[in-house]
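Undergrad: sequence unavailable; structure follows:
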């Protein structure tokens, strides 16, 4: 998820520490896709931080407190977290993944779970990675997309979607599109240098009845029109985005945010509950967001001053507004961006399934929401934290 910062300076593509789920400032450019700087990975059961020395510190269950790629001679330059797995990119453009691997989303040619980084089995040199719900995608220097993992709903984007099929190694995404960023959730999306959004995969099982991009990314259209986004399919909009999340918000060059898809919990951010939209709708509040990130049913944005705002579902306190569950008379969810209750200013945000984390310029990690499997660190004893609390990483 989730999701990476890049912006143009004097016509060159340069990276910045901005965060998750494709937080991009881009313009049309012929330059190769840059390696993004993303330092947070938030999964269901652990939280990881890429340290300055290129090692990864983690808190939570299943993974060791310190992670290095391979034999320890390499160092990570970016990481990203999915639902039950995470991936990292090394300085030599090799990809490593760890965690749950039931659908082959680690890309190492197996379906074995890994508690340490396992090298993705591919000759491709990657410059960007995005870990999703049950699949992973990456970009090569030319902007070509490759995906691996669950295939039966088109998540791999290679035009193949047969029941109970998976891709345990990277497969080339179909089409001639070249992307400057890619992101993954239940579907995967790519952003072109012209600001166009293309997505592949579809959501079934009733999770998104009106929702995902274009005209074929929802179970409604799949069931009644027989369409599936098996290959990159354009989001139907005239808007041009510089940042997107896979399922689904985007921001324009000015930082104005738009969301689409399911909005039952207010995650469209347009002031409504219980609605969905196949087309992007304007997020209220007049904020200028430099980064967007999303969990399962909530979204967050980081404005140009480093202030965090969240909206959508708040059952676990993942909005950071001081309430959770059925508090506020059952109205704990928010349908417009609402300021996170903290004096901290962040340089990166990462939303997980039931919690959100932010990184400050002083390398302090703060999280709020559900403390599942000690994912807030050993000193955190409460189940839910409705406001940000400091998370201590294990010593190096």
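TA: Right, received. Where do you want to start? What you are looking at is a predicted structure, and each value in this text was computed from that prediction instead of being measured.

Undergrad: tell me where the stretch 151-300 of the chain is predicted with low confidence.
TA: 203-228 (pLDDT under 70).

Undergrad: which residues of it fall in helices?
TA: Ranges of helices in the stretch 151-300 of the chain, per DSSP state H, counting those that start in this stretch, are 219-225.

Undergrad: for the spatially closest residue to residue 297 that is not a sequence neighbour, what are its contacts?
TA: Leaving out its chain neighbours, the residue that sits closest to residue 297 by CB to CB, 6 or more residues apart in numbering is residue 313, at 3.7 Å. All C-beta spots, glycine's among them, are computed from the backbone N, C-alpha and C. Residue 313 makes contact with 265-267, 295-298, 333 under the criterion CB atoms under 8 Å, 6 or more residues apart in numbering.

Undergrad: can I get those residues in TSV with neighbour count and distance to residue 92?
TA: Shown next, in TSV, are the contacts of residue 313 (neighbours: other CB atoms under 10 Å; distance: CB to CB, whole Å):
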residue	neighbour count	distance to residue 92
265	20	42
266	26	43
267	29	38
295	27	32
296	21	34
297	20	37
298	29	36
333	21	44
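
Undergrad: tell me the one among those residues nearest to residue 80.
TA: Taking CB to CB as the measure, residue 80 lies nearest residue 295 of those, at 14.0 Å.

Undergrad: residue contacts, the closest one?
TA: So, once contact is read as CB under 8 Å, 6+ apart, residue 295 ends up touching 1, 312-313, 318, 351-356.

Undergrad: ok, now with 7 Å
TA: Going by CB atoms under 7 Å, 6 or more residues apart in numbering, residue 295 touches 318, 351-354, 356.

Undergrad: wait, residue 335 sits on residue 272?
TA: Yes. At 5.8 Å, residue 335 counts as touching residue 272 under the criterion of CB atoms under 7 Å.

Undergrad: compare neighbour counts for these two and give me the winner.
TA: residue 335 (22 against 16; other CB atoms under 10 Å).

Undergrad: from residue 191, how far out is that one?
TA: Distance, residue 335 to residue 191, by CB to CB, to the nearest Å: 26 Å.

Undergrad: what does residue 396 give?
TA: On the measure of CB to CB, residue 396 and residue 191 end up 35 Å apart.

Undergrad: ok so, going back, any of the contacts of residue 295 buried? List them.
TA: 318, 351-354, 356 (16 or more other CB atoms under 10 Å).

Undergrad: counting only strands, which of those residues make the cut?
TA: 351, 356 (DSSP state E).
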